[in-house]
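> need coordinates for the following:
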Amino acid sequence: MRLFLGLLLATVLLAGCRGNNQGRQNLQSRVDSLQSANQELGRQVDVLRDSLQGQQEGATLSPPIYFPSGSAWIPDRGRRQLDKHAQTLKQTYPGADFQIQGYTDSVPIGPTLEDTYPSNWYLAAQRAAAVAHYLDTRHNVRSNSLKIEAFGPQPVGPNETPERRPKERRVEIVVEDGT
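Down below sits the predicted model:
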């Protein structure tokens, strides 16, 4: 803003000094210098913006938080990992917006859990909400536009075996682009 006002003042002075050719040349030289400096600063801002985008755009905190089958309760190992993720959000991405994405495996909800979790999608939403609640109440980590998303089975690998399914029962925290 200061640079713009300086350029405006220089232009006004330049217009008022029509009779003074030497003064006019000096002012034109200053205007040219300020315009050059403004262009260089613009290039530096673009470089810094690009470097920040590379750091924050779609960054997924790793590892995800894993859940037992048919449950939205965060296990102790998941709480310890969330404690680390909370520190990362505060230190590396202060003030950034983020999404919490819940996933499930492909095993349908059984009859004993249908009253609690009517569908896998509902279970995924409960997992994401549990993580958001934990970050908020335990670490005061919030976002101005927090998004909780729920997905059904979206395998990260072969999902046919019981050994692979625990990797599908997860919550991921994705930091959004800060620009």
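> can you give me the helices in the protein?
Assigned by DSSP state H, the helices in the chain fall at 2-16, 21-56, 76-91, 120-139.
> near residue 169, how many other residues are there?
When counting by other Cβ atoms under 10 Å, one arrives at 25 neighbours for residue 169. C-betas here are computed from N, CA, C, even on glycine.
> what sits against it?
Residue 169 makes contact with 66, 67, 68, 69, 103, 104, 105, 127, according to Cβ atoms under 8 Å, 6 or more residues apart in numbering.
> switch the cut-off to 6 Å
By Cβ atoms under 6 Å, 6 or more residues apart in numbering, the contact set of residue 169 is 67, 105.
> tell me, how many residues neighbour the closest residue to residue 68 other than its chain neighbours?
Excluding the flanking residues, the one nearest residue 68 by Cβ to Cβ, 6 or more residues apart in numbering is residue 75, at 6.5 Å. Counted with other Cβ under 10 Å, residues neighbouring residue 75 total 13.
> same question, the one 3 residues further on
Residue 78 has 23 neighbouring residues, counting by other Cβ under 10 Å.
> roughly how far does it sit from residue 135?
Separation of residue 78 from residue 135 (Cβ to Cβ, to the nearest Å): 12 Å.
> repeat for residue 66
Using Cβ to Cβ, residue 66 is found at 16 Å from residue 135.
> comparing those two, which residue is more hemmed in?
residue 135 (22 against 18).
> thought that one was touching residue 143?
No. With contact defined as Cβ atoms under 6 Å, residue 135 does not count as touching residue 143 (9.2 Å).
> just give the nearest non-adjacent residue to residue 134, would you?
Distance criterion Cβ to Cβ, 6+ apart; nearest residue to residue 134, sequence neighbours excluded, is residue 82 at 5.6 Å.
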